[in-house]
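Asker: following is a predicted model, sequence given first.
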Amino acid sequence: MELSLTPAAEKFVRRMVRFSSAGESGGFRLTVSAGGCSGLASEFTVESAPQPGDAVVEVNGVKLFLPAESRLLLQGATIDFADTPTNSGLTFVTPNSPSCACSSSSSSGVSSIDISGIGHGHKH
């Protein structure tokens, strides 16, 4: 499968797996489905092992657990990660993205996952 991670996305995925309780065999399970104005809707979890039907795709030593639909939608995609004051999350740039007629801050072919609900830092 052809899939690439930018250095920022690779760092994010490695941190998520490292700070989880998934252990050495753990991986980043990414579920992508068609939907939303930008063409993709996404969710992720960190799992200790792939679920039935998942393929294990390694990119630069990062283990991704991808269900069948995710593999189809992410073929040839580049996964990036943005962490700015106004936007934080994974972004997908796919070669064959559907065009979008509605207004959106994302350009056509780009989809984001908002991670603002995930705790950043430590509680004091």
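Answerer: Looks like it arrived, so ask away. The structure displayed is predicted, hence computed values, not measured ones.
Asker: what's the local residue count around R29?
Answerer: By other C-beta atoms under 10 Å, 21 other residues sit near R29. All C-beta atoms are positioned from the backbone trio N, CA, C, and that covers glycine.
Asker: could I get the buried residue list for the strand or helix carrying it?
Answerer: Element membership for R29 (DSSP states H and E) is strand 27-34. Within strand 27-34, the residues that count as buried by 16 or more other C-beta atoms under 10 Å are G27, F28, R29, L30, T31, V32.
Asker: partners of it in the sheet?
Answerer: Paired neighbours of strand 27-34 in the sheet (DSSP bridges): strand 40-47 (antiparallel), strand 62-66 (parallel).
Asker: quick check, nearest of the buried residues of strand 27-34 to L74?
Answerer: Nearest to L74 among those: V32, at 5.9 Å, using C-beta to C-beta.
Asker: that closest one bridge partners, please.
Answerer: In this entry, V32 is beta-bridged to S42, by DSSP bridges.
Asker: correct me, but it touches S42?
Answerer: Yes. Using C-beta atoms under 8 Å, V32 is in contact with S42, at 4.9 Å.
Asker: please name the nearest non-neighbouring residue to R14.
Answerer: Excluding the flanking residues, the one nearest R14 by C-beta to C-beta, 6 or more residues apart in numbering is V62, at 6.1 Å.
Asker: distance of that neighbour from A77?
Answerer: As judged by C-beta to C-beta, to the nearest Å, V62 and A77 stand 14 Å apart.
Asker: looking at this protein, which helix or strand is least sure?
Answerer: strand 110-114 (a mean of 47; mean pLDDT, DSSP states H and E).
Asker: for D80, give me the pLDDT.
Answerer: You'll see D80 listed with a pLDDT of 89.
Asker: for it, give the beta-bridge partners.
Answerer: Here D80, judged by DSSP bridges, has bridge partners T91.
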